[in-house]
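S.K.: Sequence and predicted model, in that order:
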Amino acid sequence: AQSVAQPEDQVNVAEGNPLTVKCTYSVSGNPYLFWYVQYPNRGLQFLLKYITGDNLVKGSYGFEAEFNKSQTSFHLKKPSALVSDSALYFCAVRDNSGNTPLVFGKGTRLSVIA
Amino acid sequence: NAGVTQTPKFRILKIGQSMTLQCAQDMNHNYMYWYRQDPGMGLKLIYYSVGAGITDKGEVPNGYNVSRSTTEDFPLRLELAAPSQTSVYFCASSFGQGGYEQYFGPGTRLTVT
């Protein structure tokens, strides 16, 4: 079975500081990994994904994520946080060995304080 | 492109009533999905479709039905609404499975009282 964990319900960071939103996963094969962002009263928006290749993936709005196979992690990062980054962030995983559905984490609420 | 559209945005149902949540996409995506989002629980897959005429159950299908007569449309039917179906419902679509990202609609907030 595949699963994903976001260990922090809430992350607070000061504007201009670097931010990290954590994600760990479990799959039987190799993973496809995704990050989505949800602003209030909106649907989820795709940020970035890891399929294969370079472990550092760059995405929208200056976000990036690093795939670490040994630690089964895919943490989301941004060098300098903006107040407008405040939102709910979801990590999702799918095992690439079969036709399995995408599994989402419970989400991490990011608050960037001016 | 409008992307993924959903109607209605909000709805209040009485216990036992039925309704259909509409979803349409104009990206010619083969795959479409219905999720529900409950506070602190992430997204749970209700049903999905890999193409017109083909649907399959997700993690939480009980109390729901779907159909997919065209590539564009994927309505979700709630029969005999129950308070446990109070949630925010999201429709999504993707070009394929595997490493393809999903595109989400704006959601329908449903309250059953």
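M.R.: Structure's in. What do you need?
S.K.: Contact residues of chain B facing chain A?
M.R.: Applying C-beta under 8 Å from any C-beta of the partner chain, we find that chain B lies next to chain A at B:4, B:40-43, B:45, B:48, B:58-59, B:90, B:92, B:97-99, B:101-107. C-beta coordinates here come from the backbone N, C-alpha and C atoms, glycine included.
S.K.: Mark which of those are buried, thanks.
M.R.: The neighbour count (16 or more other C-beta atoms under 10 Å in any protein chain shown) marks B:4, B:42-43, B:45, B:48, B:58, B:90, B:92, B:97, B:99, B:101-105, B:107 as buried among those.
S.K.: Just those residues: which are in strands?
M.R.: B:4, B:43, B:45, B:48, B:90, B:92, B:103, B:104 (DSSP state E).
S.K.: May I see those arranged in a markdown table, with pLDDT as well?
M.R.: Output for these, formatted as a markdown table (pLDDT from 0 to 100):
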| residue | pLDDT |
| --- | --- |
| B:4 | 96 |
| B:43 | 94 |
| B:45 | 96 |
| B:48 | 96 |
| B:90 | 97 |
| B:92 | 97 |
| B:103 | 96 |
| B:104 | 96 |
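S.K.: now, which of the residues you listed sits nearest chain A?
M.R.: residue B:104 (3.5 Å; C-beta to the nearest C-beta).
S.K.: The closest residue in space to that closest one that isn't next to it in sequence: what's it in contact with?
M.R.: Nearest non-adjacent residue to residue B:104, counting by C-beta to C-beta, 6 or more residues apart in numbering or on different chains: residue A:43, 3.5 Å away. If a contact means C-beta atoms under 8 Å, 6 or more residues apart in numbering or on different chains, then residue A:43 has B:4, B:90, B:92, B:104, B:105, B:106, B:107 as its contacts.
S.K.: Among these, find me the one that's closest to residue A:2.
M.R.: Of all the contacts of residue A:43, residue B:92 has the smallest distance to residue A:2: 18.0 Å, by C-beta to C-beta.
S.K.: Run through the bridge partners of the closest one.
M.R.: Per DSSP bridges, the residues bridged to residue B:92 are residue B:33, residue B:104.
S.K.: In this structure it contacts residue B:37, no?
M.R.: No: using C-beta atoms under 8 Å, residue B:92 is not in contact with residue B:37, being 11.4 Å away.
S.K.: In chain A, what residue spans correspond to strands?
M.R.: A:3-5, A:10-14, A:19-21, A:24-26, A:31-38, A:44-50, A:56-58, A:64-68, A:73-78, A:87-95, A:103-104, A:108-113.
S.K.: For those strands, give me JSON lines that also has distance to chain B, mean pLDDT and mean neighbour count.
M.R.: Listed next are the strands of chain A as JSON lines, based on distance: least, C-beta to the nearest C-beta, whole Å; pLDDT from 0 to 100; neighbours: other C-beta atoms under 10 Å in any protein chain shown:
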{"stretch": "strand A:3-5", "distance to chain B": "9", "mean pLDDT": "95", "mean neighbour count": "17"}
{"stretch": "strand A:10-14", "distance to chain B": "11", "mean pLDDT": "98", "mean neighbour count": "13"}
{"stretch": "strand A:19-21", "distance to chain B": "14", "mean pLDDT": "98", "mean neighbour count": "21"}
{"stretch": "strand A:24-26", "distance to chain B": "13", "mean pLDDT": "97", "mean neighbour count": "18"}
{"stretch": "strand A:31-38", "distance to chain B": "5", "mean pLDDT": "96", "mean neighbour count": "24"}
{"stretch": "strand A:44-50", "distance to chain B": "4", "mean pLDDT": "96", "mean neighbour count": "20"}
{"stretch": "strand A:56-58", "distance to chain B": "12", "mean pLDDT": "96", "mean neighbour count": "14"}
{"stretch": "strand A:64-68", "distance to chain B": "13", "mean pLDDT": "97", "mean neighbour count": "18"}
{"stretch": "strand A:73-78", "distance to chain B": "14", "mean pLDDT": "98", "mean neighbour count": "20"}
{"stretch": "strand A:87-95", "distance to chain B": "7", "mean pLDDT": "95", "mean neighbour count": "23"}
{"stretch": "strand A:103-104", "distance to chain B": "4", "mean pLDDT": "94", "mean neighbour count": "22"}
{"stretch": "strand A:108-113", "distance to chain B": "10", "mean pLDDT": "97", "mean neighbour count": "17"}
